[in-house]
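# got a sequence here, can you build the structure:
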Amino acid sequence: MFNVIPLQQRPVYQGLFGAVFAVASVIGPVIGGTFTDKVTWRWCFYINLPIGAVSIIVTLFILHLPGQKLDAPAETLLGKFQQLDPIGNLVFFPGIVCLVLALQWGGTQYPWDDARIIVLLVLCGVLCLVFIGVQAWKGEAATLPPRIVTQRSVAAACFFSFFNGASMMVVMYYLPIWFQAIKNVSAINSGISLLPTILSVVVGSLSSGAAISRFGFYTPFFYASSVLSAIGAGLLSMLEPGTGHSKWIGYQVIFGLGLGFGSQQAMNVVQTVLDRGDISSGTAFVMFTRFLGSSIFLPVAQTLFITNLSSRTAKNIPDIDPKEIAAAGATEIKNLVPASDLKVLLQDYNDALMEVFIMMAAISAVTIFGSVFVEWRSLKERAKSEQSGSPSPQVEAA
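Predicted coordinates for the structure are as follows:
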């Protein structure tokens, strides 16, 4: 995008991207649930074929970008391969896989002191340390050049993005479960019940993008996002089986506005504080940290939910195996117990979900530590520097 759109207009488009992503995050599960209920779960994968084909056609025949010049283009096939940093990738991605597997299995399939979990966590730590060493050794040829990672605003924005992305995906996953299990609605209607969050994300994302294009400063929206998302998540953790529409709609609006205000700000940071040649690497780093946060905290949330649900049901409904409840879908739990125990089961299920939302409130609040370290830079001033042809614009702090 930074090759074809002036810097001052990019926040508007970034806001639009954030809005589209939020809508897709809800529509996708609803479509998947519909396929599973009405046709077959295999269509959840088949549908990607035509969508992918259209994307390839658009990329090959419609998307035309200006010629880009590499700082040090490789002349041989081996040189091009080495530019991909195969050593760094070879140790980093297995390390992340080890971490995700440990978080997914720990406390559910295997106890935390099981040898499998310990080995996975140790491997994760060792491989990530090796990756850091490789990046420092390769310097400018690394996947993540140290000068980009250690830039104050970039590091703070990625920290923010890591936890902001995690809180968004956790609520997108577990709030529909609350509607299905506690409010007894279908998968489709649970998606509809998420509309307050989605519309608020859209409003927050678009309005913040327009405001940044107009006034130039993105830092206030980091603070607004941290505060509103933490408050909204905290309110969502107070949901009960008898909570009415006005409350769960209002709570979602507050949380959604917080997410929307912050969803794309890290992208604006890298396009403002980095040199033009580093923007692509900075953008990739931001996107990676955002999805990494989701990948890590979804298994954590799952473990937290199942552990709490199992302990509560084992105490309050001893006649039923907690594993059966954990394995049952959100809409099937009411068929596992007699009517006399249903109210107790729903309360236990609700309380276990609220533990997840409390965690979500905590990780939303943690984003403030990223917000406070983002420098007050003017995107408008950087845009003027680009227009004047300054080779290395230095944007004054506000």
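# number of residues surrounding the closest residue to Tyr349 other than its chain neighbours?
Among residues not flanking Tyr349 along the chain, Ala181 sits closest, at 5.3 Å (Cβ to Cβ, 6 or more residues apart in numbering). No exception for glycine: its C-beta is placed from N, CA and C like everyone else's. If you count neighbours by other Cβ atoms under 10 Å, Ala181 ends up with 24.
# check Val356 too.
Neighbours of Val356 using other Cβ under 10 Å come to 26.
# so where is the chain shaky, pLDDT-wise?
For the chain, applying pLDDT under 70 flags the ranges 1-4, 6-8, 26, 65-84, 140-142, 383, 385-398.
# walk me through the domains of it.
Listed domain ranges for the chain are 7-40+151-388, 86-142 (source: automatic domain parsing).
# which secondary structure element contains the residue nearest to Tyr349?
helix 152-182 (DSSP states H and E).
# following element in sequence after that helix, please.
Helix 152-182 is succeeded, C-terminally, by helix 187-193 (DSSP H and E).
# list the buried ones in that following helix?
Across helix 187-193, burial judged by 16 or more other Cβ atoms under 10 Å covers Ala187, Ser190, Gly191, Ser193.
# how about Val286: what's its closest non-neighbour residue?
Nearest one to Val286, counting by Cβ to Cβ, 6+ apart, is Ala266 at 4.5 Å.
# which residues touch that neighbour?
Residues in contact with Ala266 (Cβ atoms under 8 Å, 6 or more residues apart in numbering) are Ala157, Cys158, Phe160, Ser161, Val286, Arg290.
# by neighbours, which of those wins?
When neighbours are taken as other Cβ under 10 Å, the top entry among the contacts of Ala266 is Ala157 (32 neighbours).
# picking up where we left off before, what's the closest of the contacts of Ala266 to Thr150?
Cys158 (11.1 Å; Cβ to Cβ).
# quick one: contacts for the residue lying closest to the closest one once chain neighbours are set aside?
Leaving aside its sequence neighbours, Cys158 sits nearest to Thr289 (Cβ to Cβ, 6+ apart; 4.3 Å). For Thr289, the contact set (Cβ under 8 Å, 6+ apart) comprises Cys158, Phe159, Ser161, Phe162, Gly165.
# I'd say the second one and Gly370 touch.
Yes: using Cβ atoms under 8 Å as the test, Phe159 is close enough to Gly370 to be in contact (3.9 Å).
# more neighbours: which of the two?
A direct count of neighbours by other Cβ under 10 Å for Phe159 and Gly370 places Gly370 higher, at 25 against 20.
# what's the more buried one in contact with, if anything?
Ala156, Ala157, Cys158, Phe159, Phe160, Ser161, Phe163, Phe222, Ser226.
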